[in-house]
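Trainee: Provide a 3D model corresponding to the input given below.
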Amino acid sequence: MASNATIFKATLQISDMDRQYYQDHTLTLARHPSETDERMMMRLLAFVLHAHEALAFGRGLSTEDEPDLWQKDLTGAIDLWIEVGQREEKSIRQACGKAKQVYLYTYGGRGADQWWEKNQTTLARLNNLTVVNLSLDGSRALAQLAQSGMRLECTIQEGQMWIANGTDNLQLALTVIKGASAPFKH
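Mentor: Just a heads-up that it's a prediction; the model follows:
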């Protein structure tokens, strides 16, 4: 963690009816000085979507050989590797070689669309890669929920997602733009 990182605390109440996962999590997130609230909240969103007792955040932006989040089995093998943003194609290929399943969450509107157009052909061959996009409006609305102390209720049902903080209630539409041929089982 960078010494001048901003610390955020998040209390999550997760009700994932699609996976039958109902748990509360208390997380500490370190936002690197170069990271935006939008990107940090995308990391939090990825946590919610894959919540598991073994899911952990990587060491941060300055650590190239670790993902934003990952889940290892008891032997140390990487079951799940999760990245946020428009990553380099080479680093995604490397992640797919290290982990059983890789998820990439893109956001940012036209920039994410252009990134996908550029990398689509190469990434389509990676059988253990899933690429999911959140619209620009969705990621900006999510960023508005960022507070140093967050209490969020997160509900997932039939592929739909809602996040509420007591004042605001967001419905987020995630689009799978590339699915894995062998989906990860939690």
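Trainee: So Thr28 sits against Thr6, correct?
Mentor: No: contact criterion CB atoms under 8 Å: Thr28 and Thr6 do not qualify, at 11.3 Å. C-betas here are computed from N, CA, C, even on glycine.
Trainee: Which one's more surrounded, these two?
Mentor: Counted by other CB atoms under 10 Å, Thr28 and Thr6 do not tie: Thr6 has more neighbours, with 15 against 10.
Trainee: what's near enough to touch that one?
Mentor: 30-31, 33, 148 (CB atoms under 8 Å, 6 or more residues apart in numbering).
Trainee: hey, what's it bridged with?
Mentor: Beta-bridge partners recorded for Thr6 (DSSP bridges): Arg31.
Trainee: What of Leu129?
Mentor: Val102.
Trainee: where do the strands sit along this structure?
Mentor: With DSSP state E as the criterion, the chain has strands at 6-16, 21-31, 55-57, 69-72, 78-84, 99-106, 129-134, 149-157, 160-164, 169-172, 174-178.
Trainee: hmm, back to that, which of the contacts of Thr6 count as buried?
Mentor: Neighbour-count burial (16 or more other CB atoms under 10 Å) applied to the contacts of Thr6 gives 30-31.
Trainee: In TSV, list the contacts of Thr6 along with pLDDT and distance to Tyr103.
Mentor: Below are these laid out as TSV (pLDDT from 0 to 100; distance: CB to CB, whole Å):
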residue	pLDDT	distance to Tyr103
Ala30	89	21
Arg31	91	21
Pro33	88	26
Ser148	94	27
